[in-house]
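Undergrad: dropping the sequence and predicted coords here.
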Amino acid sequence: MAKWLREHGHEVFSVFEEAQGIDDDAVIRKALEGNWILITNDKDFGAKVYRDRILHAGVVLLRLEDERNQIKINTLAQVLDRYSDRLVNNFVIVTETQIRFAGI
């Protein structure tokens, strides 16, 4: 997915490629400092945002039943096409059938 995002002109920091093993707090802090939207399938970030009230620049939580890379890319492409102007500073939950902007 990181490669696809780069090919479409997005600045990307990939934890998988560049920083495996860093903890979730460091990931969300790095995203905030870079003013980047965090795209993840790790629901622990929901706990960080809601329970711990961690500040963020935006989180897109992919809750897909089929987690093949092409499915993620297709789903994310739809989100970016339709809602890119609403992602900043929002927590967005994405499934195959629904996109939900969750308030805090």
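TA: Received the coordinates, thanks. Numbering: from 1, shown residues only.

Undergrad: where does the prediction get shaky in this structure?
TA: 103-104 (pLDDT under 70).

Undergrad: at 90 what do you get?
TA: 1, 14-21, 47, 50-51, 102-104 (pLDDT under 90).

Undergrad: helix, strand or coil for the most centrally placed residue in it?
TA: The residue lying closest to the centre of the chain (CA atoms, centre = their mean) is I39, at 1.5 Å. Following DSSP: H, G, I helix; E, B strand; the rest coil, the label given to I39 is strand.

Undergrad: for stretch 26-36, which positions count as buried?
TA: Buried residues in stretch 26-36, counted by 16 or more other CB atoms under 10 Å: 27-28, 30-31, 36. No exception for glycine: its C-beta is placed from N, CA and C like everyone else's.

Undergrad: returning to that earlier point: partner residues bridging the residue nearest to the centre of the chain?
TA: Beta-bridge partners recorded for I39 (DSSP bridges): V60.

Undergrad: for it, give me its contacts.
TA: 1, 59-60, 62, 76 (CB atoms under 8 Å, 6 or more residues apart in numbering).

Undergrad: can I have the buried ones of those residues as a ChimeraX selection?
TA: A single ChimeraX command suffices to select whichever of the contacts of I39 are buried according to 16+ other CB under 10 Å:
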select :1,59,60,62,76
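
Undergrad: the contacts of I39 into TSV, with extra columns for distance to H8?
TA: Compiled in TSV, the contacts of I39 are given as follows (distance: CB to CB, whole Å):
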residue	distance to H8
M1	11
V59	20
V60	15
L62	17
L76	10
